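Undergrad: A predicted structure for the sequence below; I have some questions about it.
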Amino acid sequence: MHVDVMPLDDPALGPDAKGRFGAFGGCYVPETLMASVAKLAEVYAAVRRERGFWEELRALLRDYAGRPSPVYFAARLSEQLGGARLYLKREDLNHTGAHKINNTLGQVLLARRLGKSRVIAETGAGQHGVATATAAACCGLQCVVYMGAEDIRRQKLNVFRMELLGARVVAVETGQKTLKDAINAAMRDWMATSDHTHYVIGSVMGPHPYPQMVRDFQSIVGRETKVQMAEATGRLPDCIVACVGGGSNAAGIFAPFISDAGVRLIGVEAAGDGIDHVGRHAATLCAGRPGVLHGMFTYVLQDDDGQTLPVHSVSAGLDYPGVGPEHAHWKETGRVEYTACDDRAALAAFVRLCEVEGIIPALEPAHAVAHALRLAPQMDGDRTIVINLSGRGDKDVVEAGRLLGRDLQ
Amino acid sequence: MSASGDRIVARLRPGDGCARGALLPYFTAGFPDSRSLAELIHVADALGVAAVEIGFPYSDSIADGPVIQESFYRALEHGCRVHDAFSVAAQVRSRVACALLAMVSYSIVYRYGRDRFLTEAAAAGFDGVIIPDLPVEECHDAAQATARVGLCHIGMVAPTTTPARREAIARSSAGFVYQVAVAGTTGERVGLPPELPGQVRELRRISGLPVCVGFGIGSAQQVRAVCDVADGAIVGSALVRRVGEAAATGVRGGALAERVRPYLAELMSGIRVDT
């Protein structure tokens, strides 16, 4: 299967010349970072048109990351639900176990193009950190990963994986000691090191051009899905469901379908203990308001003074008080529907996919699975749903064991 | 120009218009508490500082180093809100001669409501506003709104700023232009970069405004070196660190300010007193 990775110019996709998706996006960073961000935007705008860059990336994605990832018809689960036919886009089968590698290989190639010898990254659960360390090792760049001290405690295995891959993991002891604090720490590093360092942001967030660039790198997911669904069913899917934290796996699978009006797109956020519980969920689009965080204007979870609220989700990868600005735009235009699933529903979906299909999903896409479980029975049997299974659950088995009453520590 | 802008310029370039150099200390609102902050401002004013910068604590400040971050977390833990910073300014305004500047993230300004924030800041007695994460491309409307309420919009120029941007930032600024001394976050540095004097001279030339230098300054010697080329030196982390050390001994209010006074006086010794 040959799927082009060079970005398509769909006029329905942003951003505009000022880095805006409708009202959202932009660039709200300290002046010290503006030169680096502007340079990155300029170089990336040129690279977008360079066939050679994308051919190099395509070869790496195929030979190193194992693309294309299959689309699998979940026959037993579909039959149990008695409605729409469920297909799983198997990003969990990529090298390093998630969609994150699509972005990190692209950005590390770009870092090399920019002449940078060092990359830095933030990580929550560790998936993006592992994917960045992997890409850096593959391309011979130095790598430092910032990770909240609290997350380090919970994800010791991923810390060691990053170290095996040659990265240095720096514990972030400020704030809540989780993902948002790791992003702050990475940006602070970049303030002083941008002459030789590229910051590999892990999602479709941050100042322009990151939301566009990460979406472009992740769009391979949706482009493959389109071809694979045509091969399997002879037409477009009726519905695509993806989980949304920062929103990169969702943006990647949604973007190639944005102009296919007949395809229903649904983003599923983490409702944690319930979206009525302030500080106990991460449903930014469902329960937040427009504001500024981490260099972008987007939906955020803040108090009335602009202070970031605490967030919670069973899945560390969705545990973020902001969201990519293009998702905020898609919400405003109504092109994408956003909903939320709580911890309990996600955990039940996690267990069900293990038992019925023999696939252990990450807790993040378990949220998407949970919503599909609600949706499928309401749809006719000739309809199709694609779930973006954005990562595998190996990293989550200890946490799942704890929640299911089995202490594996 | 507004009366407020007058106060900033008059404090930075007094009387004969000759620059002598000035000190601009930075304190975090609500750290360790509002009463101590008011006393610190009084002490600084009595020592002859040109302006006091009041930092509004923010949960996710990117530009700040560990000392100021820590002061932000402490202040927020103790429940410091935007209106508390306004209250302190309102309380000291009539009793101090120095200018008062608000240093605040756009995240806060946007959520609070830009015009509401600016109106309340002006009413509280602030003279100028510095929004470090509002780049010049986005600041046009905000700068106009700031001027409408009689406040100065003070733009920041970094060592990495291109000449074209530097000019745009200078044009958007009023009162003075803030030259960031070092690429990186706030915090004390051993030395200041050799390029700094050239950058400051260029910025003064193109802006026609006073230029004050901040980030990395923490000694009387550095204050003197900066004031040889600039109109003022801004000292933040080094001072907030001492405020924190004093607070850790349990003192508050006037007693805390007295503990910090010798360091402020030492910094002031870096300012030339001759004419």
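TA: Done, it's in. Numbering: from 1, shown residues only, chains lettered A, B, ... in the order given.
Undergrad: count of residues packed around residue 35?
TA: All of this refers to chain A. By the criterion of other CB atoms under 10 Å in any protein chain shown, residue A:35 has 18 neighbours. Using the backbone N, CA and C atoms, a C-beta is placed for each residue, glycine as well.
Undergrad: oops, I was thinking of chain B
TA: Residue B:35: 15 surrounding residues under other CB under 10 Å.
Undergrad: And residue A:43, by the same measure?
TA: Residue A:43: 15 neighbours (other CB under 10 Å).
Undergrad: Residue B:59 reaches residue B:76, doesn't it?
TA: Yes. Using CB atoms under 8 Å, residue B:59 is in contact with residue B:76, at 6.3 Å.
Undergrad: neighbour count winner among those two?
TA: Neighbour count, other CB under 10 Å: between residue B:59 and residue B:76, residue B:59 has more, with 27 against 19.
Undergrad: coming back round to it: give the intersection of the neighbour lists for residue B:59 and residue B:76.
TA: residue A:307 (CB atoms under 8 Å, 6 or more residues apart in numbering or on different chains).
Undergrad: ok, so what distance separates the residue nearest the centre of chain B from chain A?
TA: By CA atoms, centre = their mean, chain B has its centre lying nearest to residue B:53, at 3.3 Å. For residue B:53, the distance to chain A (CB to the nearest CB, to the nearest Å) stands at 16 Å.
Undergrad: pretty sure residue B:21 contacts residue B:225?
TA: No. Residue B:21 lies out of contact with residue B:225 (CB under 8 Å); the separation is 10.0 Å.
Undergrad: List, one by one, the residues from the stretch 1-150 of chain A near chain B.
TA: Proximity of the stretch 1-150 of chain A to chain B, by CB under 8 Å from any CB of the partner chain, involves residues A:18, A:26-36, A:38.
Undergrad: Can you tell me which of the residues you listed is nearest residue B:131?
TA: Nearest to residue B:131, judged by CB to CB, of the residues of the stretch 1-150 of chain A next to chain B is residue A:28 at 9.4 Å.
Undergrad: Which stretches in the stretch 101-250 of chain B count as helices?
TA: Taking DSSP state H, counting those that start in this stretch to define them, one finds helices in the stretch 101-250 of chain B at B:106-112, B:114-124, B:140-148, B:163-172, B:196-207, B:220-229, B:237-248.
Undergrad: Remind me what the second one packs against, helices and strands.
TA: Using 3 or more CB pairs under 8 Å, 6 or more residues apart in numbering or on different chains; DSSP states H and E as the contact criterion, the secondary-structure elements in contact with helix B:114-124 are helix B:82-93, helix B:140-148.
Undergrad: And for the fifth one?
TA: Identification of packing neighbours for helix B:196-207 by 3+ CB pairs under 8 Å, 6+ apart yields helix B:163-172, strand B:177-180, strand B:211-214, helix B:220-229.
Undergrad: One more pass at 6 Å, please.
TA: Packing partners of helix B:196-207 (3 or more CB pairs under 6 Å, 6 or more residues apart in numbering or on different chains; DSSP states H and E): helix B:163-172, strand B:177-180, strand B:211-214.
Undergrad: Residue in the stretch 301-409 of chain A with the shortest distance to chain B?
TA: Here the stretch 301-409 of chain A gets closest to chain B at one residue, residue A:306, 3.4 Å apart by CB to the nearest CB.
Undergrad: what about the strands in chain A?
TA: Taking DSSP state E as the test, the strands found in chain A are A:20-21, A:24-25, A:71-73, A:85-90, A:118-123, A:142-148, A:168-172, A:197-199, A:239-243, A:264-272, A:289-293, A:296-300, A:336-342, A:384-389.
Undergrad: Take those and lay them out in a markdown table including mean neighbour count, distance to residue A:205 and mean pLDDT.
TA: Below are these laid out as a markdown table (neighbours: other CB atoms under 10 Å in any protein chain shown; distance: least, CB to CB, whole Å; pLDDT from 0 to 100):
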| stretch | mean neighbour count | distance to residue A:205 | mean pLDDT |
| --- | --- | --- | --- |
| strand A:20-21 | 22 | 12 | 98 |
| strand A:24-25 | 28 | 10 | 98 |
| strand A:71-73 | 18 | 27 | 98 |
| strand A:85-90 | 25 | 22 | 98 |
| strand A:118-123 | 27 | 10 | 98 |
| strand A:142-148 | 25 | 15 | 97 |
| strand A:168-172 | 18 | 17 | 97 |
| strand A:197-199 | 24 | 12 | 98 |
| strand A:239-243 | 29 | 15 | 99 |
| strand A:264-272 | 26 | 14 | 98 |
| strand A:289-293 | 20 | 9 | 98 |
| strand A:296-300 | 27 | 6 | 98 |
| strand A:336-342 | 22 | 16 | 98 |
| strand A:384-389 | 28 | 18 | 98 |
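Undergrad: any chance of these in a markdown table, plus distance to residue B:70?
TA: Compiled in a markdown table, those are given as follows (distance: least, CB to CB, whole Å):
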| stretch | distance to residue B:70 |
| --- | --- |
| strand A:20-21 | 35 |
| strand A:24-25 | 31 |
| strand A:71-73 | 50 |
| strand A:85-90 | 44 |
| strand A:118-123 | 20 |
| strand A:142-148 | 16 |
| strand A:168-172 | 13 |
| strand A:197-199 | 24 |
| strand A:239-243 | 35 |
| strand A:264-272 | 28 |
| strand A:289-293 | 20 |
| strand A:296-300 | 23 |
| strand A:336-342 | 34 |
| strand A:384-389 | 40 |
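Undergrad: Just want the angle from the longest helix seen in chain A to helix B:163-172.
TA: For chain A, the helix that runs over the most residues, judged by DSSP state H, is helix A:31-47. Angle, helix A:31-47 to helix B:163-172, by axes from the mean of the first three to the mean of the last three CA atoms, to 10 degrees: 130 degrees.
Undergrad: contacting residues around helix A:31-47?
TA: Outside of helix A:31-47, the residues within contact range by CB atoms under 6 Å, 6 or more residues apart in numbering or on different chains are A:27, A:53, A:114, A:191, A:194, A:207, A:209, A:213, B:135, B:156, B:158, B:160, B:183.
Undergrad: Can you give me the distance of the last one to residue B:190?
TA: The gap separating residue B:183 from residue B:190 is 15 Å, by CB to CB, to the nearest Å.
Undergrad: and if you look at the fifth one?
TA: From residue A:194 across to residue B:190, the span is 21 Å (CB to CB).
Undergrad: So these two - more neighbours on which side?
TA: More neighbours surround residue A:194 than the other of residue A:194 and residue B:190, with 22 against 8 (other CB under 10 Å).
Undergrad: how far away is that one from residue B:63?
TA: Applying CB to CB to residue A:194 and residue B:63 gives a distance of 14 Å.
Undergrad: Repeat that for residue A:302.
TA: 19 Å.
Undergrad: for chain A, what helix or strand is lowest in average pLDDT?
TA: Lowest by mean pLDDT, DSSP states H and E among the helices and strands of chain A is helix A:149-154, with a mean of 87.
Undergrad: Touching it from outside, list them.
TA: Identification of contacts with helix A:149-154 by CB under 6 Å, 6+ apart yields A:124, A:159, A:171, A:173, A:177, A:178.
Undergrad: and the stretch 251-400 of chain A, which residues reach chain B?
TA: A:291, A:292, A:302, A:305, A:306, A:307, A:308 (CB under 6 Å from any CB of the partner chain).
Undergrad: tell me which residues in whatever helix or strand residue B:260 lives in are buried?
TA: Using DSSP states H and E, residue B:260 falls within helix B:253-268. Across helix B:253-268, burial judged by 16 or more other CB atoms under 10 Å in any protein chain shown covers B:253, B:256, B:257, B:259, B:260, B:261, B:263, B:264, B:267, B:268.
Undergrad: In the stretch 51-200 of chain A, which residue sits nearest chain B?
TA: Closest point on the stretch 51-200 of chain A to chain B, by CB to the nearest CB, is residue A:192, at 3.4 Å.
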